[in-house]
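Asks: What shape does this take:
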Amino acid sequence: MLDLEIRPVPPALRACGTARVPAHPIARSRYTSPDFAAREAERLWSRCWQMACRLEDIPEAGDYVVYSVGPLSFLVTRVSATEIAAHVNACLHRGRMLREADGHATQFRCPFHGFSWNLDGSCRALVNGWDFPHVDRESFRLPRAHVATWGGFVFLNPAPDPEPFERFLEFLPAHYATRGWDLGQRVKAVHVRKHHRCNWKVALEAFIESFHVTETHRSAMTYLGDAMTQYDVWEGFRTTRMISPRGLASPNGPPLSEVEVFRAGMRPALGPRAELLELPPGMTARAALADMRRRALLAEGLDVAEVTDCELIDTIQYHVFPNLVLWAGWGSFLVYRFLPGATPDVSTMEILFLQPVPPGRDVPVAREVKEIGPDESHAAAPELGGFAAVFDEDMSNLAALQKGLHAMASAGPVTGVVQEARIRHFHACLDAFMEAAGP
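Replies: Residues are numbered from 1 along each chain as shown. Model (predicted):
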């Protein structure tokens, strides 16, 4: 398909991950066991790099975001124009959380007794200091996690001696150096937090394969080549990718004409009006869909004239270990983050839209996060637009998956050699990471 492009194909799209991942069952206890969840808290979340927020979440000195994962909580704080810190979100006096919601502060003052710290974590005030002669005020600082930035994201790592951030990023900077892909040049326009009744890995795995499209998203199989998806697993790397082509009917469905595929591909945007469309002469459905997308983005002032059809309409999606999913190109501007809940049976999925900024225009930053309960439809967040219905289709599986994993009589899920290779690779990386953390 790339060979049919009439515009230069970026090297990132030519890259191909061909590592084979043994197709063995995945132990179901990994999704249901409190012991396994506790092991993740101890050996994964306390030691790995993880996306905490966007830079636009904390634009001014004093802005902070509360980032919590498992039992850990941090105040990701803009200390100054050049410094970002992630302080442990607990008072050093009696341990009360210093903040329970995002906001702005000139100091972090504990609501319990009034002990306070400056934005840089240094001690500001010891209440009744005469009663604490044993406390060295200079060392009475809020502990910090390590912090790094890339692509407009702020990452943190709680480990005392974490792996180098550059090693964690692997080949992402090279791939996202593709013209127009830089996520640091985009703005968070939507932020939705959806709570689910399933393990965080169950939710993650539902979004890193296209195998489920035929059954779960039946309307999409008329224009999405799900079984023709390219799955990239690179030997020696944790990051994986998939590219699902649009403008092609699924081979799992009935044969469709080019005009039928074209109309189906336009239906999510136009509704019934798509049935009136005719395929431009000499164009395939794929080329016509890409042309419509290109012209729409050009009309917004975005420089996509020489962008390939693949970048405009295909699902190009990277999984960044352990819990971050980034889309690439111009087809959709989505980011997903998956976080564990209080028990192995609950989790949170966060959905972000990172919008390109046309020249001379402003894109409002979504500083407020829309919360959606486990039994609510994604339609509760109108900012999701047409994606709400698609996410609801995915949601229809998640709680039932978790219940089924508890009920399973076999060892655990059996996955396909190709289409679910990313899932098995993720579990292999998870095991390797936690084993390296020690006994």
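
Asks: what about the residue lying closest to Arg109 once chain neighbours are set aside, how many residues close to it?
Replies: With C-beta to C-beta, 6 or more residues apart in numbering as the criterion, Arg109 has its nearest non-adjacent residue at 3.9 Å, and that residue is Ser116. Quick note: C-beta positions are derived from backbone N, CA and C, even for glycine. By the criterion of other C-beta atoms under 10 Å, Ser116 has 18 neighbours.

Asks: Work out for me the element the most centrally placed residue in the chain sits within.
Replies: Residue closest to the average C-alpha location in the chain (C-alpha atoms, centre = their mean): Tyr336, at 2.4 Å. Element membership of Tyr336 [criterion: DSSP states H and E] is strand 334-340.

Asks: in its sheet, what does that strand sit against?
Replies: If you go by DSSP bridges, strand 334-340 pairs up with strand 324-328 (antiparallel), strand 347-356 (antiparallel).

Asks: Would you convert the ones you listed into JSON lines that also reports mean neighbour count and mean pLDDT?
Replies: Below are those laid out as JSON lines (neighbours: other C-beta atoms under 10 Å; pLDDT from 0 to 100):
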{"stretch": "strand 324-328", "mean neighbour count": "21", "mean pLDDT": "98"}
{"stretch": "strand 347-356", "mean neighbour count": "22", "mean pLDDT": "97"}
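
Asks: Break the chain down into its domains, please.
Replies: 2-49+170-436, 53-162 (automatic domain parsing).

Asks: And the helices in the stretch 51-200 of the chain?
Replies: 165-169, 172-175, 200-205 (DSSP state H, counting those that start in this stretch).

Asks: What is the burial count for Glu42?
Replies: For Glu42, the count of nearby residues is 15 (other C-beta under 10 Å).

Asks: now do Leu4
Replies: 11.

Asks: try Val261
Replies: Per other C-beta under 10 Å, the neighbour tally for Val261 reads 24.

Asks: My read is that it contacts Ala249, right?
Replies: Yes: at 5.2 Å, Val261 counts as touching Ala249 under the criterion of C-beta atoms under 8 Å.

Asks: Mutual contacts of these two, please.
Replies: 222-223 (C-beta atoms under 8 Å, 6 or more residues apart in numbering).

Asks: Number of residues surrounding Met1?
Replies: A count of nearby residues for Met1, using other C-beta under 10 Å, gives 18.

Asks: Okay, the closest residue to it other than its chain neighbours and Val9: tell me how far apart.
Replies: Residue nearest to Met1 in three dimensions, not counting chain neighbours: Pro245, with 6.1 Å by C-beta to C-beta, 6+ apart. Distance, Pro245 to Val9, using C-beta to C-beta, to the nearest Å: 14 Å.

Asks: before we move on, what about Met97?
Replies: To Val9, Met97 is 50 Å away according to C-beta to C-beta.

Asks: same thing with Asn252?
Replies: Per C-beta to C-beta, Asn252 is found 27 Å from Val9.
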